[in-house]
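**Student:** build me a model from this:
(one chain, ligands or ions: 1)
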Amino acid sequence: MINKELVKKRFEKSLKTYNDNAIAQKHMAKTLIDYLPCYNYNSILEIGCATGILTGYIKEKLHFCQFYANDIVCKASKYIDKIIPGNIFINGDIEEIILNNKYDLIISNACLQWCSDIEKTISKLMKALNKKGILAFSTFGDNNLKEIKKIFNFENRLYSTEQLKNILNRYNILSFEEEEIRLEFDTPVDILRHLKNTGANALVQMTLTKSKLKNFEEKYCELYRTKQSVYLTYNPVYTVITNYS
Ligand SMILES: C[S@@+](CC[C@H](N)C(=O)[O-])C[C@H]1O[C@@H](n2cnc3c(N)ncnc32)[C@H](O)[C@@H]1O
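**Tutor:** Got it, this is the predicted structure:
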């Protein structure tokens, strides 16, 4: 189960540092927009908008009349107001809130992996689409942050691409793509800082003692070092689905 209070707390804390550190998520937002089959929509709902990296691309690339933004963190709304004034902000956990409207496009970047039941959430979102509506989202495959998971021995709760595709097979899949991105850092501590600054440290509630930190640094350098840096892998998956064929 996902600790939603921790997710909320960590993302709220990272809002100020998110944009400068979310390199992979920025790339994902841009790529997701490129997979859309059409650039005109009457109504759009964005899930997990945070500081509005994807929102910025939506404003730049898409034509729309009504824009709805959602995030579990209420403070995200002030960032979205600056990008799309007049938006309607729906605060809350996407797994819990009731979606009363129907949308032409529901879109989400790097958020749905924080759902306890992604299959149920996708089904809920598909029911909130208009007849010819589209659900487009990016999430992460099970190789995401594999270095961190290995060293800390975290349980891997992310779906493999095959598992995710099986979930989506009941819908009409317009796009399903994955990639791996490697980010380079000077030291393992920079990697921990990077995770904190993007809120990804909500993965686990853990305090690092001095000796645990030293152990982490040594192990990281031993396993994931290139000549000048240490690396961290992101594994984005991009999906565009509809209810009709
Ligand atoms: C990695 S950030 C992605 C931010 C943004 N979509 C972007 O393009 O950069 C994930 C966001 O999803 C939000 N979030 C996580 N779980 C959520 C949930 N269950 N319901 C709504 N928002 C959620 C977090 O608060 C955070 O702002």
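
**Student:** the ligand contacts on this protein?
**Tutor:** 7, 11, 22, 25, 29, 47-50, 53-54, 70-73, 76, 93-95, 109-111, 114-115 (C-beta under 6 Å from any ligand atom). Every C-beta, even on glycine, is put in place using the N, C-alpha and C of the backbone.

**Student:** grab the nearest non-local neighbour of the residue in the chain positioned nearest to the ligand.
**Tutor:** For the chain and the ligand, the shortest gap (C-beta to the nearest ligand atom) falls at residue 48, measuring 2.8 Å. Distances taken as C-beta to C-beta, 6 or more residues apart in numbering place residue 111 nearest to residue 48, at 2.7 Å, with adjacent residues excluded.

**Student:** for the one you found, what are its contacts?
**Tutor:** 47-48, 50, 94, 137, 139 (C-beta atoms under 8 Å, 6 or more residues apart in numbering).

**Student:** secondary structure added to these, as a markdown table?
**Tutor:** Below are these laid out as a markdown table (DSSP: H, G, I helix; E, B strand; the rest coil):
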| residue | secondary structure |
| --- | --- |
| 47 | strand |
| 48 | coil |
| 50 | coil |
| 94 | coil |
| 137 | strand |
| 139 | strand |
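
**Student:** any stretches of the protein with poor pLDDT?
**Tutor:** Flagging of the chain using pLDDT under 70 yields the residue ranges 204-206.

**Student:** next secondary structure after the longest helix anywhere in the chain?
**Tutor:** Of all segments of type helix in the chain, defined using DSSP state H, the longest is helix 4-21. Downstream of helix 4-21, the first helix or strand assigned by DSSP states H and E is helix 23-34.
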